[in-house]
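Asker: Dropping the sequence and predicted coords here.
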Amino acid sequence: MVDYIPMIVSISIVLIVNLGFWLFYRKRHKKDKGFVFAYYHLSYRRRFKRNLWTMPVIILSIVVVYIVDFLPPWFKHGFLVAASIITVVELVYNYRKAKQEEHNTSE
């Protein structure tokens, strides 16, 4: 039987760190040039580009989840569906916001 406690703790830590980054960068000027580690410090155009660059990592993680034997099938299928939906929604959202940002700065 797989112990789910480490997985739940890991996911909780990631969510807390993401919330901290979001709170810290929400009212700050966004960067559109140069390297920036913090995702929330990027403009929407750069977020969209970063999402495109991380697509291979997402695909690789889906493949790894399907290869490992100790995960139950419901988790594998749920991960595939969740990763796919979240990625597509994030790409569409960032693309629309980037176009809106581009339109607002050109006026």
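Answerer: Arrived safely.
Asker: where exactly do the helices run in the chain?
Answerer: Counting by DSSP state H, one finds helices in the chain at the ranges 5-25, 44-53, 55-67, 73-106.
Asker: From the contact counts, what lies against the second one?
Answerer: Helix 44-53 makes packing contacts with helix 73-106 when contacts are defined by 3 or more C-beta pairs under 8 Å, 6 or more residues apart in numbering; DSSP states H and E. In short, each C-beta sits where N, CA and C put it, glycine included.
Asker: angle of the helix it packs on against helix 5-25?
Answerer: In terms of direction (axes from the mean of the first three to the mean of the last three C-alpha atoms, to 10 degrees), helix 73-106 departs from helix 5-25 by 10 degrees.
Asker: Show the pLDDT at Ile5.
Answerer: Listed pLDDT for Ile5 reads 86.
Asker: Pull the residues that contact stretch 29-37.
Answerer: 41-46 (C-beta atoms under 8 Å, 6 or more residues apart in numbering).
Asker: and that stretch, how far apart are its ends?
Answerer: From its first residue to its last, stretch 29-37 covers 15 Å (C-alpha to C-alpha, to the nearest Å).
Asker: Any idea how far that stretch is from the middle of the chain?
Answerer: What separates the centre of stretch 29-37 from the centre of its chain is 17 Å, taken as C-alpha atoms, centre = their mean, to the nearest Å.
Asker: average pLDDT for that stretch?
Answerer: Rounded mean pLDDT across stretch 29-37 is 79.
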